[in-house]
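*Asks:* show me how the following folds:
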Amino acid sequence: MKSRKRAKNPKNGSEQRNGEEQKELTYHESTDFCASVIAAGLAVGLASIGPGVGQGTAAGQAVEGIARQPEAEGKIRALALLFANPFV
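*Replies:* Next up is the predicted model:
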């Protein structure tokens, strides 16, 4: 692999790579970027808890309904698959 030289601009300290000028991040900019990445990860993780709890509750109620009325298993299973399906 051919390495390309990086030329530093003496005026503003930015680097030039592949013909594009890239500015070095300051401490505050890099901290803000890291904080936003961590916040996005936490948001996605916490947002996935709600649907998981909801689907678990629906499946649990379906199993309870089948236990109470075994003759209604077909209808209960169809409704549980229809409304608690993560792929719909």
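*Asks:* drop to CA atoms for contacts and neighbour counts, all remaining ones
*Replies:* Noted.
*Asks:* contacts for stretch 60-70 next, please.
*Replies:* By Cα atoms under 8 Å, 6 or more residues apart in numbering, the surrounding residues in contact with stretch 60-70 are Ala72, Glu73, Ile76, Arg77, Ala80.
*Asks:* list the buried residues in that stretch.
*Replies:* Ala62, Val63, Ile66 (16 or more other Cα atoms under 10 Å).
*Asks:* the last one and Ala40: what is the separation?
*Replies:* Taking Cα to Cα, to the nearest Å as the criterion, Ile66 is separated from Ala40 by 40 Å.
*Asks:* okay, strands next: where are they in this protein?
*Replies:* 7-8, 15-17, 20-22 (DSSP state E).
*Asks:* ok, Cys34 - how many residues close by?
*Replies:* Using other Cα atoms under 10 Å, the number of residues around Cys34 comes to 12.
*Asks:* from Lys23, how far off is it?
*Replies:* 17 Å.
*Asks:* lowest-confidence stretch among the strands of the chain?
*Replies:* Mean pLDDT is lowest for strand 7-8 out of these, coming in at a mean of 56.
*Asks:* quick one: the helices in this structure?
*Replies:* Here the chain has its helices, by DSSP state H, at 27-47, 49-68, 73-83.
*Asks:* same list, those helices, but as JSON lines with mean pLDDT please.
*Replies:* Converted to JSON lines, these look like this (pLDDT from 0 to 100):
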{"stretch": "helix 27-47", "mean pLDDT": "91"}
{"stretch": "helix 49-68", "mean pLDDT": "89"}
{"stretch": "helix 73-83", "mean pLDDT": "83"}
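*Asks:* filter the contacts of stretch 60-70 to the buried ones?
*Replies:* By neighbour count, with 16+ other Cα under 10 Å, those hold Glu73, Ile76, Ala80 as buried.
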